[in-house]
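Asker: I'll drop the sequence and a predicted model, then ask my questions.
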Amino acid sequence: MQSRLSSVPACSIARALDVVGERWSLLIVRDALLGVTRFDGFLRSLGISRNILADRLNTLVTAGVLDRVPYHDRPVRHEYRLTDRGHELTPVVLALMQWGDRHLAGPGGPPRLAEHESCGGPVRAVVSCVDCGRPLEDDEVTTRFSPRFLTHQRQRPAEPGADPVPLAGPDGDADVPA
């Protein structure tokens with residue numbers, strides 16, 4: 001898949017947005033997480049045009065987010081099932097839903113509630129430290145270039161006419177925020 005955001009090649013967010021950044025793509029993932037698997041089901045749920053749905057499904061299949069699995073031979077019909085990569089988008093979808101619930105819900109409140117299937121408790125997307133397990137506030141999180149990425153960038157021959165990837169932030173610091 002060719003990157004549409006080639007102006008930011010050193011950004012995993014930009015690469016992820018190439019796959020799921022278009023409005024319909026995350027809504028398709030949302031519906032797949034809710035159990036929708038068939039083309040007509042996505043059409044009914046989303047109110048999307050057939051050609052846009054087909055394009056977004058193809059993008060998600062190519063990126064390994066969905067698997068296209070035949071369920072009928074004549075005519076050939078497919079289901080779209082989330083892969084492990086697709087299921088890993090659950091916290092992204094939940095975090096976006098929770099942000100929308102906090103800031104954009106109408107007078108009737110949030111349209112859906114995320115609950116733990118076993119106990120019925122509310123579910124919340126949380127950023128936490130892998131080492132200590134403590135939940136973190138946004139001002140406690142920092143990012144930096146990984147040593148492996150920096151080594152790869154320094155060893156890579158420059159492409160003719162290409163702008164070099166900036167390895168420092170505006171203040172010259174190599175530890176720039178994401």
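Answerer: That came through, no problem.
Asker: next one: the residue most central in space within the chain from Val69, what distance?
Answerer: Closest to where the C-alpha atoms of the chain average out (Cα atoms, centre = their mean) is Val20, at 4.9 Å. Shown here: Val20 relative to Val69, a distance of 20 Å by Cβ to Cβ, to the nearest Å. The C-beta positions use only the backbone N, C-alpha and C, and glycine is treated the same way.
Asker: cool, Thr143 as well?
Answerer: For Thr143 relative to Val69 (Cβ to Cβ), the value is 37 Å.
Asker: residue boundaries of the helices in the protein?
Answerer: 12-20, 23-33, 39-46, 50-62, 84-87, 90-104, 147-155 (DSSP state H).
Asker: return the set of buried residues in the fourth one.
Answerer: Of the residues in helix 50-62, those scored as buried under the neighbour-count criterion (16 or more other Cβ atoms under 10 Å) are 53, 56-57, 59-60.
Asker: and which of those residues is nearest Ala95?
Answerer: When these are compared for distance to Ala95 (Cβ to Cβ), Leu60 comes out closest, at 19.1 Å.
Asker: from memory the closest one sits against Trp24, does it?
Answerer: No: using Cβ atoms under 8 Å, Leu60 is not in contact with Trp24; the gap is 9.9 Å.
Asker: before we move on, the earlier item: dump the helices of the chain to CSV, plus mean pLDDT and distance to Arg134.
Answerer: Listed next are the helices of the chain as CSV, based on pLDDT from 0 to 100; distance: least, Cβ to Cβ, whole Å:
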stretch, mean pLDDT, distance to Arg134
helix 12-20, 91, 24
helix 23-33, 97, 27
helix 39-46, 96, 38
helix 50-62, 97, 34
helix 84-87, 97, 25
helix 90-104, 95, 17
helix 147-155, 82, 25
